[in-house]
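Visitor: Predicted model and sequence below, questions to follow.
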Amino acid sequence: MLDPQSPSSHVAQISPFIELDRSAWAALAPSIPSPLRETEIVQLRGLGEPLDLREVGEVYLPLSRLLNLYVGGTKSLHNVTSEFLRERFESTPFVIGVAGSVAVGKSTIARLLRELLARWEHTPRVELVTTDGFLFPNAELERRGLMARKGFPESYDRRALLRFVSEVKAGAAEVRAPFYSHLAYDIVPDAQVTVRRPDVLIIEGLNVLQPPGPGHRLAVSDLFDFTIYVDARTSDIARWYEERFLKLQRGAFSNPRSYFHRYASLTEVEARQRAREIWHSINEPNLLQNIRPTRSRASLVLRKGPDHAVSSVLLRKL
């Protein structure tokens, strides 16, 4: 038991978050049936992520229900505000930000939440946009000397991302975002993702919780209605990244059109060494310097254990 007078106990008492272990979190929505089949879950999960029906039922169904309640609460607030102002105006999309490191599983979580939220009342139209599309094109990154810092905050066209989300929140009938190809590892010219007034828009990316940069008053995170940070130990994420790199090397990298095709012929030892070099020179510094410091800005934190399963949930107090 913690000593009530100890510094660690004091910190625990003044935390802005309520922390629930997995069993306590799962007990909040014990009777919600899963709307997804095992085959659908297999299609949603990323490389090396053991997502299954149990994980969905115990972690993500309660989360989707909480988000559904937040959306409903926001709609109710919109209605009473309209009455107070004696003016009728349409509600705008509820925007959710999902942040976390490379290889932590945030993309899988964003895809899963899109499918689950679309099954709930009040949120049938759910769109997902990743911030990859707002990276500067490779040619521009090369011109700026930022190719080795791809994924760092300065490698994104933050004004374009802010403009995109601002237009969505303003209720624009149609908003377009650039399209990013993971095969080409670059923005695809003349290709776009179109968002048409969804009930919910999920924005997923490494740095979506960043505060305003120097000289700027507004950040994209200021426009989110709810934010999720996917957390894990650095050593676990490094291992997951290495294993994912190996799977990609045996799969997607073998495509001659892949930007990383040059890695396809590496031996396993060479591939592991290259993955560690990339992790230590790019992904780990980005995590420690830019991504993890934004964790405290999240509405909710999903903490993962070494097996990629969520072990606890931290929810910001209202």
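Guide: Perfect, I can see it now. Numbers count the residues shown, from 1 in each chain.

Visitor: Would you mind measuring from the residue lying closest to residue 154 once chain neighbours are set aside to residue 140?
Guide: Setting aside the residues directly before and after it, residue 154 is nearest to residue 146 in space (Cβ to Cβ, 6 or more residues apart in numbering), at 6.3 Å. To be clear about C-beta, it is placed using only N, CA and C from the backbone, and glycine gets the same treatment. When Cβ to Cβ, to the nearest Å is the yardstick, residue 146 and residue 140 sit 8 Å from each other.

Visitor: These two: which has the busier surroundings?
Guide: Taking other Cβ atoms under 10 Å, residue 146 and residue 140 do not tie; residue 146 has more neighbours (18 against 14).

Visitor: check contacts around the more buried one.
Guide: With contact set as Cβ atoms under 8 Å, 6 or more residues apart in numbering, residue 146 has these partners: 136, 152, 154, 155.

Visitor: Report the buried members of these.
Guide: 136, 152, 155 (16 or more other Cβ atoms under 10 Å).

Visitor: Let me know the closest of the residues you listed to residue 309.
Guide: Minimum distance to residue 309 across the buried ones among the contacts of residue 146 is 29.1 Å, recorded for residue 152 (Cβ to Cβ).

Visitor: How about the contacts made by residue 190?
Guide: For residue 190, no residue counts as a contact, taking Cβ under 8 Å, 6+ apart as the criterion.

Visitor: can you check residue 317 too?
Guide: Residues near residue 317 by Cβ under 8 Å, 6+ apart: 16, 17, 18.

Visitor: Got the phi and psi for it?
Guide: According to degrees, to the nearest 10, the main-chain angles of residue 317 amount to phi -70, psi 150.

Visitor: just checking, what's the longest helix in this protein?
Guide: Ranked by number of residues, the top helix in the chain under DSSP state H is helix 61-85.

Visitor: So what touches that helix?
Guide: In this structure, residues lying in contact with helix 61-85 by Cβ under 8 Å, 6+ apart are 25-26, 28-29, 32, 34, 88-89, 91, 94, 96, 113, 116-117, 119-123, 199-200, 225-226, 228, 300, 302, 313, 315.

Visitor: From the centroid of the chain, which residue is nearest?
Guide: Among the residues of the chain, residue 98 comes closest to the average C-alpha position under Cα atoms, centre = their mean, at 2.7 Å.

Visitor: now the angle between helix 61-85 and the helix or strand containing that one, please.
Guide: Assigning secondary structure by DSSP states H and E places residue 98 in strand 94-100. For strand 94-100 and helix 61-85, the angle between their directions (axes from the mean of the first three to the mean of the last three Cα atoms, to 10 degrees) works out to 140 degrees.

Visitor: pLDDT on the host helix or strand of residue 23, on average?
Guide: Residue 23 belongs to helix 22-26 when assigned by DSSP H and E. Average pLDDT, helix 22-26: 96.

Visitor: Which SSE is immediately downstream of that helix?
Guide: Helix 22-26 is succeeded, C-terminally, by helix 38-44 (DSSP H and E).

Visitor: and that next one, what other elements does it pack with?
Guide: Contacts defined by 3 or more Cβ pairs under 8 Å, 6 or more residues apart in numbering; DSSP states H and E place helix 38-44 against helix 106-117.

Visitor: Can you show me the CA trace of the helix it packs on as CSV?
Guide: C-alpha atoms of helix 106-117 as CSV (Å, rounded to 0.1, in the frame of the first residue of the first chain):
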residue,chain,number,x,y,z
LYS,A,106,-2.9,2.8,-33.5
SER,A,107,-3.9,2.2,-37.1
THR,A,108,-5.6,-1.1,-36.2
ILE,A,109,-7.4,0.6,-33.4
ALA,A,110,-8.6,3.4,-35.6
ARG,A,111,-9.9,1.0,-38.2
LEU,A,112,-11.6,-1.1,-35.5
LEU,A,113,-13.3,1.9,-34.0
ARG,A,114,-14.5,3.0,-37.4
GLU,A,115,-16.3,-0.3,-37.8
LEU,A,116,-17.7,-0.5,-34.2
LEU,A,117,-18.9,3.1,-34.1
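
Visitor: How about stretch 228-241, which residues are buried there?
Guide: Quick answer for stretch 228-241 (16+ other Cβ under 10 Å): 228, 229, 230, 231, 232, 236, 237, 238, 239, 240, 241.

Visitor: Mind putting the residues you listed into a markdown table with distance to residue 276?
Guide: Compiled in a markdown table, those are given as follows (distance: Cβ to Cβ, whole Å):
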| residue | distance to residue 276 |
| --- | --- |
| 228 | 28 |
| 229 | 25 |
| 230 | 22 |
| 231 | 22 |
| 232 | 18 |
| 236 | 15 |
| 237 | 13 |
| 238 | 8 |
| 239 | 10 |
| 240 | 13 |
| 241 | 9 |
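
Visitor: Just the closest of the residues you listed to residue 284, please.
Guide: Nearest to residue 284 among these is residue 238, at 6.8 Å by Cβ to Cβ.
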